[in-house]
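Q: my questions are about this predicted structure, shown below with the sequence.
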Amino acid sequence: MKLEKLIENLEPELKGIALKTAGQYPDFDTEDLMQEMFLFLWENLKKGKIKNCTKSYLLQGCWFHLKNYIRTSQNKLPYLSLDYTISDDENCLADTIHSNENFYDSFEFNIAVSEVMNNGLSDREKEVFSMTLAGYTFREIGEKLEVSHVMVHKILKNIKSKTYKHFF
């Protein structure tokens, strides 16, 4: 199968995927997302991976590729030390955070975290929840706990179902 024929058959659905994804992630342009899916199809066609695949399978592959592309393309914020000097008068980042922190917001957050941690979560769920709060990605958590990122997603889904009643 030639790439042109493949794209012609999938283009309406690919446009829909690109539009929906661009709506969720405004930093990404619809045309760029379309080009990324075309590139994904071309690379897999060249490798012979999509000879007998169904249309649904190809579209789902494009969607997963796009999600992964977005996840890996987003810039991560640099880490700063709390001792980092931020002004000429030698104030450090820690001083600024503590002086601007809303005590009640942080207090309520800590109560919420405590409520989640102490209401029926397994040890594994507590580990995953703590690592999520620390800012780890699904894949990073999976690597540290030696499980797949899909399993991490399932564990977080279980946590959500167990804790939903506490917050809503």
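A: Everything's here; your move. On a predicted model such as this, the values are computed, not experimentally measured, just so you know.
Q: need the contact list for the residue nearest the centre of the chain.
A: For the chain, the residue whose C-alpha lies nearest the mean C-alpha position (CA atoms, centre = their mean) is R71; its distance is 5.7 Å. Shown in contact with R71 (CB atoms under 8 Å, 6 or more residues apart in numbering): T137. C-betas here are computed from N, CA, C, even on glycine.
Q: what's near enough to touch L41?
A: For L41, the set of contacting residues under the criterion of CB under 8 Å, 6+ apart consists of 3, 6-7, 10, 50, 58, 62.
Q: actually, I159.
A: Counting by CB under 8 Å, 6+ apart, I159 makes contact with 116, 121, 125, 128-129.
Q: how near is C53 to M37?
A: Between C53 and M37 the distance, using CB to CB, to the nearest Å, works out to 14 Å.
Q: looking at these two, which one has more neighbours?
A: For C53 versus M37, neighbours defined as other CB atoms under 10 Å are more numerous around M37 (27 against 15).
Q: against I155, how distant is that one?
A: If you measure M37 against I155 using CB to CB, the figure is 30 Å.
Q: equivalent analysis for G16, please.
A: Per CB to CB, G16 is found 31 Å from I155.
Q: name the residue in the two with the higher neighbour count.
A: Under the neighbour definition other CB under 10 Å, G16 and I155 were set side by side, and I155 has more, 23 against 11.
Q: now the closest residue to C53 other than its chain neighbours: how far from L10?
A: Residue nearest to C53 in three dimensions, not counting chain neighbours: G61, with 7.7 Å by CB to CB, 6 or more residues apart in numbering. Counting by CB to CB, the gap between G61 and L10 amounts to 11 Å.
Q: which parts of stretch 14-26 are buried?
A: 14, 17-18, 21-22, 25 (16 or more other CB atoms under 10 Å).
Q: now those in TSV, with distance to K144, secondary structure and pLDDT?
A: What follows is the buried residues of stretch 14-26, written out as TSV (distance: CB to CB, whole Å; DSSP: H, G, I helix; E, B strand; the rest coil; pLDDT from 0 to 100):
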residue	distance to K144	secondary structure	pLDDT
L14	35	helix	90
I17	32	helix	90
A18	34	helix	89
T21	29	helix	84
A22	32	helix	83
Y25	26	coil	79
